[in-house]
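**Q** Take this sequence and fold it.
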Amino acid sequence: MFKKNPKKTFSKRTRGGNRFGARSKSGRGGKRGMADELDFTQFVKKAIQTTETETYNPRHRFADFEMHSKLKANVALAGYVHPTPIQDGAIPHILKGRDVIGIANTGTGKTAAFLLPLIHKTFKHQAEKVLIIVPTRELALQIEDELRKFAAGSGLRSALCIGGAHINDQLRSLARDPSFVIGTPGRLKDLIERKKLHIAEFNNIVLDEVDRMLDMGFIKDIKYLVALMKEPRQSLFFSATMPREISELAKKFLNDPVTITIKSRATSENVDQDIVRVDPREEKIEVLHNLLLKPELQKVLIFGRTKHGVDKLAHRLVERGFSADSIHGDKSQSQRQRALRRFSKDEITILVATDVAARGLDIPDVTHVINYELPENYEDYIHRIGRTGRGNKKGNALTFVD
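**A** All right, here's what the predicted structure looks like:
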């Protein structure tokens, strides 16, 4: 079933499709798709094994940080002893009140890097208020879950302000004067315009995954929101990359920041990558079925291109006896949360998704990512396969090609 052909470049077009034998996403005369940019050799690569010299030796333990005793107890209860590099570098500066730029990939522990010192700050001074702006609903939910874990038993209140969820619940949360507001740019702007959120009251702001917000067209909204905030404030800025537009935003947004750059390996280096060739005489679903029967495919994230196709594939897998669910942008927030919760807790072993799940999600222990349909471009491919091989674990990625 697995046929490697790393030397072939597929530079010639094939009849009825692009040079990879796959039809362009947009059809006749439409936008050029991924297949016009890449060759299949980019999907065949062995993971690079971590060596002893790559092991990070932290300068601190969580117990060393000057944080509230209740917070330290919750951190210990969660089983955290040694911080990750971004936590080790950022937490001391944030505790001192410095503005921070953190350059680190997803999956490096940056959520705790900003949450822990800010929770400490709100424990110490009840008047402190924190606004956290993120690009996606799923990331906002993950941050709120982390916040609840670290602030357990403290009575600290938070509000989650995201699209796709009932606004009345969010209005009630805001009416309780929360210390933390976590939201996506569009919903935050909506609440401000309704005069239900007054961000001039906030003296701490976190922008997380700023490069993703740039990709999604949120930079104007970010500038609008930041302009409404009070001075002085503590500002924290996290991004995996620093393109020119983001660098310029940081200069305007931050005051004498400390920059912490975590040199991590590329996402794909933790991931064994291979292709699955589908013979024209075979049904693609049959190839997938036989693949999913392999015992090593224990927790599998499958990517498709369209919302309808993702739903259809998940339904067909369930009919064949697999435990599967689907997630895409047209599903309600409660449906998306339910599917993610079931997958995270191993209640299902397969999640079928559009690229809505390719960025910002930290789903534990995904053993395999399967690209059942080709992504739009190589960057999307890298984000897809980044859902496996998280942290120091090795992952696996398989891409179907006709």
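**Q** C-alpha only now, for contacts and for neighbours.
**A** OK.
**Q** so where's the stretch 201-350 of the chain uncertain?
**A** 264-268 (pLDDT under 70).
**Q** my guess is L71 contacts A151, does it?
**A** Yes. If you go by CA atoms under 8 Å, L71 and A151 touch, sitting 6.5 Å apart.
**Q** Show me whatever sits in contact with both of the two.
**A** I119 (CA atoms under 8 Å, 6 or more residues apart in numbering).
**Q** For this protein, which segments count as strands?
**A** In the chain, the strands defined using DSSP state E lie at 100-103, 130-133, 158-161, 180-183, 204-207, 234-239, 258-261, 271-277, 300-303, 324-327, 350-353, 368-371, 395-401.
**Q** Let's have those in JSON lines, adding distance to P58 and mean neighbour count.
**A** Listed next are the strands of the chain as JSON lines, based on distance: least, CA to CA, whole Å; neighbours: other CA atoms under 10 Å:
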{"stretch": "strand 100-103", "distance to P58": "17", "mean neighbour count": "24"}
{"stretch": "strand 130-133", "distance to P58": "27", "mean neighbour count": "24"}
{"stretch": "strand 158-161", "distance to P58": "31", "mean neighbour count": "24"}
{"stretch": "strand 180-183", "distance to P58": "29", "mean neighbour count": "26"}
{"stretch": "strand 204-207", "distance to P58": "24", "mean neighbour count": "22"}
{"stretch": "strand 234-239", "distance to P58": "20", "mean neighbour count": "23"}
{"stretch": "strand 258-261", "distance to P58": "14", "mean neighbour count": "18"}
{"stretch": "strand 271-277", "distance to P58": "25", "mean neighbour count": "22"}
{"stretch": "strand 300-303", "distance to P58": "32", "mean neighbour count": "27"}
{"stretch": "strand 324-327", "distance to P58": "37", "mean neighbour count": "25"}
{"stretch": "strand 350-353", "distance to P58": "35", "mean neighbour count": "26"}
{"stretch": "strand 368-371", "distance to P58": "30", "mean neighbour count": "26"}
{"stretch": "strand 395-401", "distance to P58": "25", "mean neighbour count": "22"}
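**Q** Distance to I91 for these - can I get that in JSON lines?
**A** Shown next, in JSON lines, are the strands of the chain (distance: least, CA to CA, whole Å):
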{"stretch": "strand 100-103", "distance to I91": "10"}
{"stretch": "strand 130-133", "distance to I91": "16"}
{"stretch": "strand 158-161", "distance to I91": "21"}
{"stretch": "strand 180-183", "distance to I91": "18"}
{"stretch": "strand 204-207", "distance to I91": "14"}
{"stretch": "strand 234-239", "distance to I91": "11"}
{"stretch": "strand 258-261", "distance to I91": "11"}
{"stretch": "strand 271-277", "distance to I91": "29"}
{"stretch": "strand 300-303", "distance to I91": "33"}
{"stretch": "strand 324-327", "distance to I91": "34"}
{"stretch": "strand 350-353", "distance to I91": "34"}
{"stretch": "strand 368-371", "distance to I91": "33"}
{"stretch": "strand 395-401", "distance to I91": "29"}
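**Q** quick one, which of the ones you listed is nearest to R387?
**A** Judged by CA to CA, the one of the strands of the chain that comes nearest to R387 is strand 368-371, at 7.2 Å.
**Q** Given that closest one, what are its sheet partners and their directions?
**A** Looking at strand 368-371 with DSSP bridges, its partner strands are strand 300-303 (parallel), strand 395-401 (parallel).
**Q** now those as JSON lines including distance to H120?
**A** As requested, those are exported to JSON lines (distance: least, CA to CA, whole Å):
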{"stretch": "strand 300-303", "distance to H120": "36"}
{"stretch": "strand 395-401", "distance to H120": "35"}
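**Q** ok, and the closest non-adjacent residue to V226?
**A** Leaving aside its chain neighbours, V226 sits nearest to F253 (7.5 Å; criterion: CA to CA, 6 or more residues apart in numbering).
**Q** One more: T259?
**A** Using CA to CA, 6+ apart, the closest residue to T259 is I101 (4.6 Å).
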